[in-house]
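Peer 1: following is a predicted model, sequence given first.
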Amino acid sequence: MGITDFVSNAARNAWSLFVADGVAEPHRTPSVVVGDGPHRTLRRFGPEDAGDPVLLVTPLAASPTCFDLMPEQSLAAYLVGLGRSVFLIEYGEMTDDDRDLGLEYWIDDVLPEAIHRVAELSGGRKVDIVAWSIAGSLTLLTSAAHPELPVRSITTFGTPIDYEKIPLMVLPRLAGRYLAEPAIDVADHLFGGIPAPVVRIAYRITAIEREVRRPWFVAANIADREKLARMERVDRFQNEIEGYAGRAFRQLAVQVTVGNELTTGRLQLGGRVVELADVDVPVLALGGTDDVLAPIPSVEPVTSVLTGAPRVRCVRVPGTHLGILAGTTAPATSWVELTAFLDNPLGDGPDGAGPVLAAAGESESTASETRAH
């Protein structure tokens, strides 16, 4: 690129970024609403009569655009391209009226309804579920609580089980032992939960290095429209993060994060206990090498708590928390692992058994696997 082109591109990008509407055009893979209700909008991507169904499950508070971040990094579009019937569940904004909604609302109501609807729209076929972050925990708990659901397999991206293994959470967990309940009480009284601006700030803090380096990144890439567009789409995703319902956040903070209950293989919900050992479908858990929210040691215990699953495979892939789902390396790493798993969830080879230790790539990714006998 000559100096004239560089200056021209830099000037155009700077105008778009700082004055106009941005460098990245709005992106949404076409979809249609096939189910609706309070906090349970169900969308279908691709043709009506496509192949086996996949349900994409969004984390609480996160924007569903995590699965459709940009044209070349859209897991939804990728799965449509594989011939799958692709569905996505989104929850929308949480308000003061939702303060009493707990995790049970999603585990016993929203997700089971979505799974049944997807199976119905797919000719009664069982559903492969793909979930990111805390949505993986919700999906596993849903499957454990309702083993009758028509679920074929579960794949989780960046879903922690052991919160003691998350260095970023050491101080919050310590403070949470004494301050979580009073702080949540105040937020619940004032807002009915944790408002979106607070959640957005907290998410940005977890990627503080990116935030600090952003001005230098922009300056170094001011003539590179593609890189700036990727940055801007991630910014838009962060700005679309919603708040948490009060009771659900209390359960996540007090029981899951501070109490670290998932490591016991169970979660107390109201008057009952949900046992993760009751998950009876194959599970693939993907952990990112650069994920600070769900580092690999926090993800790996999935192989020890899902004792009732016919196959549990934990795979290490390159990327951050969002990167393993929608980063530039995802199509060649985590998506490849997902595709292979969806093609053969049980990993059955010619001798009827999958590998005990498998490689997920030539150099960076490794996998551990357990089987129930």
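Peer 2: That came in fine, so what should we check first?
Peer 1: residue ranges for the helices of this structure, please.
Peer 2: For the chain, helices defined by DSSP state H occupy the ranges 3-18, 75-81, 103-104, 111-121, 134-145, 170-191, 196-206, 208-220, 225-239, 246-250, 296-299, 302-305, 323-326, 334-343.
Peer 1: the last one - what's its average pLDDT?
Peer 2: When pLDDT is averaged over helix 334-343, the result is 97.
Peer 1: buried stuff in it?
Peer 2: Buried residues in helix 334-343, counting neighbours by 16 or more other Cβ atoms under 10 Å, are found at 334-335, 337-338, 340-342. (Each C-beta comes from the backbone N, C-alpha and C, glycine too.)
Peer 1: for the fourth one, same thing?
Peer 2: Of the residues in helix 111-121, 111-112, 114-115, 117-119, 121 count as buried by neighbour count, 16+ other Cβ under 10 Å.
Peer 1: counting by contacts, list what that helix packs against.
Peer 2: strand 31-35, strand 41-45, strand 53-57, strand 85-90, strand 127-132, helix 134-145 (3 or more Cβ pairs under 8 Å, 6 or more residues apart in numbering; DSSP states H and E).
Peer 1: repeat that with 6 Å
Peer 2: strand 127-132 (3 or more Cβ pairs under 6 Å, 6 or more residues apart in numbering; DSSP states H and E).
Peer 1: ok, residues contacting the strand it packs on?
Peer 2: 53-57, 59, 66, 115, 118-119, 139, 150-157, 325, 342 (Cβ atoms under 6 Å, 6 or more residues apart in numbering).
Peer 1: how does it look with 7 Å?
Peer 2: 52-57, 59, 66, 115, 118-119, 139, 150-159, 325, 338, 342 (Cβ atoms under 7 Å, 6 or more residues apart in numbering).
Peer 1: and the residue most central in space within the chain, how far is that from His321?
Peer 2: Taking Cα atoms, centre = their mean, the centroid of the chain lies closest to Trp132, which sits 1.5 Å from it. According to Cβ to Cβ, to the nearest Å, Trp132 and His321 sit 9 Å apart.
Peer 1: need the residues touching each of the two.
Peer 2: Gly158.
Peer 1: ok, Ala220 - how many residues close by?
Peer 2: Neighbourhood size, Ala220 [other Cβ atoms under 10 Å]: 11.
Peer 1: quick one: it from Ser8, how far?
Peer 2: Relative to Ser8, and taking Cβ to Cβ, Ala220 is found at 18 Å.
Peer 1: skipping adjacent residues, who's closest to the residue nearest to the centre of the chain in space?
Peer 2: Distances taken as Cβ to Cβ, 6 or more residues apart in numbering place Phe157 nearest to Trp132, at 4.5 Å, with adjacent residues excluded.
Peer 1: that neighbour pairs with what?
Peer 2: In this entry, Phe157 is beta-bridged to Trp132, Leu286, by DSSP bridges.
Peer 1: quick one, what contacts it?
Peer 2: Counting by Cβ under 7 Å, 6+ apart, Phe157 has contacts 132, 136, 286, 324-325, 334.
Peer 1: kindly report the same for Thr58.
Peer 2: 64, 66, 88-91, 135.
Peer 1: how far does stretch 123-140 sit from the chain's center?
Peer 2: 10 Å (Cα atoms, centre = their mean, to the nearest Å).
Peer 1: please apply the same query to stretch 48-65.
Peer 2: Relative to the centre of its chain, stretch 48-65 is centred 10 Å away, using Cα atoms, centre = their mean.
Peer 1: same thing with stretch 266-276?
Peer 2: That offset, for stretch 266-276, works out to 22 Å (Cα atoms, centre = their mean).
Peer 1: ends of it, how far apart?
Peer 2: Terminal residues of stretch 266-276 are spaced 6 Å apart (Cα to Cα, to the nearest Å).
Peer 1: where does the stretch 51-200 of the chain have low pLDDT?
Peer 2: Low-confidence segments of the stretch 51-200 of the chain (pLDDT under 70): 172-173, 175-200.
Peer 1: which stretches of the stretch 201-350 of the chain have low pLDDT?
Peer 2: Along the stretch 201-350 of the chain, the parts satisfying pLDDT under 70 run over 201-209, 349-350.
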